[in-house]
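J.: dropping a prediction and its sequence here:
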Amino acid sequence: MMRLQFITYFTWLDEELVTVPNFPAWVCDVCGKREYDERAVNWLTTLLSPNAGQTTLPNPPRRRVPPSRRGQNRPTSTE
Ligand SMILES: [Zn+2]
């Protein structure tokens, strides 16, 4: 059962670890898996994008974003 909770989202922007408190995510109350709200992730990605913001980085930012899971069959799922 996935429930909407507000957690702290972690992502890498260039060499900086960015934390976003109170980020909406769907958390499974059975196995504890987290699936960040897709719209919120898109919003944050746009917000952090050098093309959309005021920052002009020489290199594109390297982000480590948790793999998106959209409810397809997951062989490794424990649900
Ligand atoms: Zn689960």
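T.: Ah, there it is.

J.: all the helices of the chain, residue numbers only.
T.: 38-48 (DSSP state H).

J.: the ion contacts on that one?
T.: For the chain, the contact set with the ion under C-beta under 5 Å from the ion comprises 28, 30-31, 33, 79. Heads up, the C-betas are built off the backbone N, CA and C, glycines and all.

J.: please pick the buried ones from those.
T.: Neighbour-count burial (16 or more other C-beta atoms under 10 Å) applied to the residues of the chain next to the ion gives Lys33.

J.: pipe the residues of the chain next to the ion into JSON lines and attach pLDDT and distance to Thr46 per row.
T.: Listed next are the residues of the chain next to the ion as JSON lines, based on pLDDT from 0 to 100; distance: C-beta to C-beta, whole Å:
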{"residue": "Cys28", "pLDDT": "96", "distance to Thr46": "27"}
{"residue": "Val30", "pLDDT": "95", "distance to Thr46": "32"}
{"residue": "Cys31", "pLDDT": "96", "distance to Thr46": "30"}
{"residue": "Lys33", "pLDDT": "94", "distance to Thr46": "25"}
{"residue": "Glu79", "pLDDT": "66", "distance to Thr46": "31"}
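
J.: mind listing which of the residues of the chain next to the ion are in strands?
T.: In this view, those that belong to strands under DSSP state E are Cys28.

J.: from the residues of the chain next to the ion, which is closest to Arg3?
T.: For the residues of the chain next to the ion, the minimum distance to Arg3 (C-beta to C-beta) is 7.8 Å, reached by Cys28.
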